[in-house]
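*Asks:* fold the stuff below for me.
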Amino acid sequence: MNRFAKSWASAALSLAVGIALLFGLPGVMDDYTLIEVTIYAVMSILGVSLAFIWGFGGILCFGQAAFFGLGAYTYAIAVMNMGDSTIPFLLAIVVPALFAALLGYVIFYGRLSDVYMGVITLTVTLILFNLVNSTAGPEWRIGSAPLGGFNGIPAIPTLNWPGQQDEVLTPKDLFYVAFSCLLLVYLGLRVLISSKIGRVIVAAKENEQRVLLLGYDARIYKLFSFTLGGAIAGLAGCLFANWGAFTSPTIFGLAQSAQIIIWVIVGGLGTLVGPVVGCVAIQWITSQIGTQQAFNSNLVLGAILVVFVLLVPRGIVPSLGDLIDIAWRRLRRAPPTRAPKPAAVPAAAAASKDVPHPMPATEPAP
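*Replies:* Next up, the predicted model:
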C-alpha cells in the first residue's frame, strides 16, 4: 500500500470512529458527562487549528489563543446586541480570520523570520489579554454588551436554530454541533492537504526557496494557511463561549497558548488526529489533578512536555503508526509453511532397471 492510500485509509478510519462516537455517545452517557465530552471536542478544534498551520504550514504560532479569544468575545458581544445567533456565529469565524490575515500580511510580506513570528504572535496575545482585562468600568461596553474587564462576560445567550431565536440548543444539541464541527474541520483539512494548494503549502514548509523557483509565491500560501487557522480557532472560541455561557480575559492568557502547543507535541506534530488525542488526554489529566488537588497541574503539564520531547519526540499517534507498520512488515516477511520434502530414492533402487536412466546424448550424423 502506497503512502497516499495509507493516508486516506487512516482518514477513513478516523472519520468512521468519529461518526460512531457522534451517534453512540449520547445514548450511553448522561448529560453531565456529555457536557464534559463537548468541551473536549471544542478544544480539539482549537488544537487542530494549530496542528494545521504548524505541522503542515511550518508556522509556529505562540498566539493561537488570540484568535480563540477573539472568536469568543466576538460572538458574546454580537449575540447580546442582535439577539439571534446566526450572524454572531459567522462573525466569530470571520473576525479572527480577518485579524489573522492582517497580522499574517505584516509578518510574511515583511519577510520576518520564524523567531520573530513566535515573538509577535505571543506579544499580540498578551496585548489583547491586558487590553480586555482593563475594561472593567461600566463605560466599557459595545452597544448593550458590557466587556466586564477581568470579571468577563457572563450569561452569554446560547446558539439558537437559524431564524428561530426562541429555539435555543440543548446540551445534547450543542454536543452534536461541536462534534460535527470537529469532523467537518478534520475532513475539510484532509481534502485541502491532498489538493494542489495543500501540496504547495507543505512544500513551502519543506523548502520555501525551491517553491519560489518553481513559480509559486510562498507568502500567499502561508498567509492563506495562517488565516484559515485563525478562522478555525475563532470557531472553537464561539463554541467555547456557548459551552460555558461565559468568557473572560484568561482565554487570552499565556497558559492557554502553552496548552495548545503541548497538545500538538504530545499528540504528534504533522498529523490532524494527534492533537485531538493529545488534547483529550491532557484535558482529562488536568481535570483529574484539579479534582484531587494533590499536585500542581502546571508542574505535571511541564513534566509531560519534557518527557515527550525527550523520549517520544514524534508524539503518540506517529509513534503508534510506526509500531503498527513494523508489526505489519514482520508479519508479511514471516516465512511460509513449507511442504515436506519427498523421500530420497535409495542408491540400490536407482541402479536397478526399475528406475529409468537418461539416454546418453548422441552427436548428430555429419
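*Asks:* now name the helix or strand holding Ile261.
*Replies:* helix 254-267 (DSSP states H and E).
*Asks:* and for stretch 26-45, what's in contact with it?
*Replies:* 25, 171-172, 174-176, 178-179, 181-182, 185, 232-233, 235-236, 239-240, 243, 263, 275-276, 279-280, 283-284, 287 (CB atoms under 8 Å, 6 or more residues apart in numbering). For every residue, glycine as well, the C-beta is placed using N, CA and C.
*Asks:* pull out the buried members of the residues you listed.
*Replies:* 25, 174-176, 178-179, 181-182, 185, 232-233, 235-236, 239-240, 243, 263, 275-276, 279-280, 283 (16 or more other CB atoms under 10 Å).
*Asks:* sec struct for Thr135, please.
*Replies:* coil (DSSP: H, G, I helix; E, B strand; the rest coil).
*Asks:* for the residue nearest to it when sequence neighbours are not counted, what are its contacts?
*Replies:* Spatial nearest neighbour of Thr135, excluding adjacent residues (CB to CB, 6 or more residues apart in numbering): Leu147 at 4.0 Å. Counting by CB under 8 Å, 6+ apart, Leu147 makes contact with Tyr73, Ile77, Val132, Thr135, Trp140, Arg141, Ile153.
*Asks:* the helix or strand containing the third one: what's the following helix or strand?
*Replies:* Secondary structure assigned from DSSP H and E places Val132 in helix 114-133. Next helix or strand after helix 114-133 toward the C-terminus (DSSP H and E): strand 141-142.
*Asks:* partner strands of the longest strand that the chain contains and their direction?
*Replies:* Counting by DSSP state E, the longest strand found in the chain is strand 164-168. Here strand 164-168 is paired, per DSSP bridges, with strand 160-161 (antiparallel).
*Asks:* output the helix or strand containing Ile197 in PDB with nothing but the alpha carbons.
*Replies:* Using DSSP H and E, Ile197 maps to helix 196-206. Output of helix 196-206 as PDB, limited to C-alpha atoms (Å, rounded to 0.1, in the frame of the first residue of the first chain):
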ATOM      1  CA  LYS A 196      -2.700  21.300  -5.100                       C
ATOM      2  CA  ILE A 197      -2.900  24.200  -2.700                       C
ATOM      3  CA  GLY A 198      -2.200  21.900   0.200                       C
ATOM      4  CA  ARG A 199       0.800  20.300  -1.600                       C
ATOM      5  CA  VAL A 200       2.200  23.800  -2.200                       C
ATOM      6  CA  ILE A 201       1.700  24.700   1.500                       C
ATOM      7  CA  VAL A 202       3.600  21.600   2.600                       C
ATOM      8  CA  ALA A 203       6.300  22.200   0.000                       C
ATOM      9  CA  ALA A 204       6.800  25.700   1.300                       C
ATOM     10  CA  LYS A 205       7.300  24.300   4.700                       C
ATOM     11  CA  GLU A 206       9.900  21.900   3.500                       C
END
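*Asks:* gap between Pro125 and Arg190?
*Replies:* Quick fix: residue 125 is Thr, not Pro. As judged by CB to CB, to the nearest Å, Thr125 and Arg190 stand 28 Å apart.
*Asks:* the more surrounded of the two?
*Replies:* Thr125 (24 against 20; other CB atoms under 10 Å).
*Asks:* what residues does that one make contact with?
*Replies:* Here Thr125 is in contact with Phe62, Gly63, Ala65, Ala66, Gly69, Phe252, Leu254, Ser257 (criterion: CB under 8 Å, 6+ apart).
*Asks:* and the fourth one, what pLDDT?
*Replies:* To tie it back to what came earlier, the one meant is Ala66. pLDDT, Ala66: 94.
*Asks:* again with Leu272
*Replies:* pLDDT at Leu272 comes out at 94.
*Asks:* how close does it sit to Leu189?
*Replies:* 6 Å.
*Asks:* need the overlap of contacts for the two.
*Replies:* In contact with both Leu272 and Leu189: Val48, Phe52, using CB under 8 Å, 6+ apart.
*Asks:* where does the protein dip in pLDDT?
*Replies:* The chain contains residues with pLDDT under 70 at 1-6, 290-295, 334-366.
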